[in-house]
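> What follows is a predicted structure for the sequence shown.
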Amino acid sequence: MDLQGKVAVVTGSGRGLGLAYARALAAAGAAVVVNDIDADVADAAVRAITADGGKAVGVVAAVGDSEAAEQLTEAAVREFGRLDVLVTNAGILRDRVLWKMTDDDFDSVVKVHLRGTFTCARAAAVRMREQGEGGRLILISSPAGQRGNFGQTNYAAAKAGIVAMARTWALELARAGITVNAVVPVAATAMTKTIPAFAPAIEEAERTGAPLPDWLRKDEGLGTVDDVAGLITFLASDTAKDVTGQAIGIGGDRLALWAHPTETAVAFADGGWSADAIGERWHDGVGAEPQTYGIPAPKAPEA
Ligand SMILES: NC(=O)c1ccc[n+]([C@@H]2O[C@H](COP(=O)([O-])OP(=O)(O)OC[C@H]3O[C@@H](n4cnc5c(N)ncnc54)[C@H](O)[C@@H]3O)[C@@H](O)[C@H]2O)c1
């Protein structure tokens, strides 16, 4: 896929998935603004991309506030003349159960993921609308945001909010030709290595250099960071010009479209529902088949 002449910003792209996205976009011909809070990994990423013959510049800034967002858009315009693609990938985890989660745990995660996505997308949308040639906002969500996840009040809330913003901005930016999609990735990174069900297989694959087993790549959609990058390049390309407002899952051998939340059971009561009427009819009515919640625990096949 050819991204020659396009300019992309990828937040949190010093390591992990963001680095894979930045490298893939650059390999397809885009000039890339690499961003991270960690200057060492940002520099290394720029060096790696330029060593491969790509165009990249680094901006060390903490995504969250509007100043960082402005800095990223300005760097794209100053260094490469324009901005076509924004990938809001920067993220942190501060996992704790609700009754132990501090205000700071909550605020810091929401600030990077939710506020960072908002501020960066707003700055990018202003620039893309001025350019008048459309654009791409690619927002990074998570299965936790779709389903809820134990210990992730802050993260699940932020990631669910990101999908809601994608659906909202897809409406608002359609006339400007700017597509907005949410990506729901899964990949073996520092983040996922801590999940007990995944850890042994990831460690084994790292030790031997062998690919992750089939059940992880297919059933759990868990693979390498490079397995996710193809979707980012596709969404950035002209081929995806009519793909917008979607939440798209990818990982390992798996590509998936997440459903838009919808009513699965509906009942009517003339004049409205009293508490007693709901109580009488709940278990045989709309509550007869309750929805699942939480990410199903990964299960290795019996040996
Ligand atoms: N790894 C997975 O399976 C998975 C699954 C679902 C969603 N995600 C999401 O994908 C994104 C990347 O995840 P990863 O696993 O590569 O994580 P990672 O921790 O390997 O990389 C995240 C990068 O973001 C940087 N960063 C953190 N805060 C920042 C800030 N305020 N400003 C700029 N940079 C900042 C970090 O320094 C780091 O280099 C995150 O948004 C994460 O929530 C990952």
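Arrived safely.
> A helix includes residue 120, no?
Yes. When DSSP: H, G, I helix; E, B strand; the rest coil is applied, residue 120 is found to be in a helix.
> What degree of burial does it show, as a neighbour count?
Using other C-beta atoms under 10 Å, the number of residues around residue 120 comes to 28. All C-beta spots, glycine's among them, are computed from the backbone N, C-alpha and C.
> While we're on it, how confident is the model there?
Residue 120 carries a pLDDT score of 99 in this model.
> List the contacts of it.
By C-beta atoms under 8 Å, 6 or more residues apart in numbering, the contact set of residue 120 is 9, 11, 63, 68, 69, 72, 86, 88.
> Spatially nearest residue to residue 250 (excluding sequence neighbours)?
residue 231 (4.6 Å; C-beta to C-beta, 6 or more residues apart in numbering).
> again, but for residue 204
residue 210 (7.5 Å).
> Run a quick neighbour tally on that neighbour.
Count around residue 210 with other C-beta under 10 Å applied: 9.
> okay, the contacts of residue 120 in TSV with secondary structure and pLDDT next?
Shown next, in TSV, are the contacts of residue 120 (DSSP: H, G, I helix; E, B strand; the rest coil; pLDDT from 0 to 100):
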residue	secondary structure	pLDDT
9	strand	99
11	coil	98
63	strand	98
68	helix	98
69	helix	98
72	helix	98
86	strand	99
88	strand	98
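> Of those, which is the nearest to the ligand?
Among the contacts of residue 120, residue 63 lies closest to the ligand (C-beta to the nearest ligand atom), at 3.5 Å.
> so who does the closest one touch?
Counted by C-beta under 8 Å, 6+ apart, residue 63 has contacts 11, 12, 35, 37, 69, 72, 88, 90, 112, 116, 119, 120.
> so what's it closest to, chain neighbours aside?
In space, residue 63 is closest to residue 116, 3.8 Å off (C-beta to C-beta, 6+ apart).
> From the ligand, how far out is that neighbour?
Distance of residue 116 to the ligand, given as C-beta to the nearest ligand atom, to the nearest Å: 6 Å.
> can you check residue 290 too?
From residue 290 to the ligand the distance is 26 Å (C-beta to the nearest ligand atom).
> ditto for residue 161
Applying C-beta to the nearest ligand atom to residue 161 and the ligand gives a distance of 13 Å.
> Counting by contacts, list what the helix or strand hosting that residue packs against.
Residue 161 belongs to helix 153-173 when assigned by DSSP states H and E. Applying 3 or more C-beta pairs under 8 Å, 6 or more residues apart in numbering; DSSP states H and E, we find helix 153-173 packed against helix 103-110, helix 116-131, strand 135-140, helix 143-147, strand 178-185.
> tell me the angle the longest one makes with strand 178-185.
Just to be clear, that refers to helix 116-131. Orientation of helix 116-131 against strand 178-185 (axes from the mean of the first three to the mean of the last three C-alpha atoms, to 10 degrees) gives an angle of 150 degrees.
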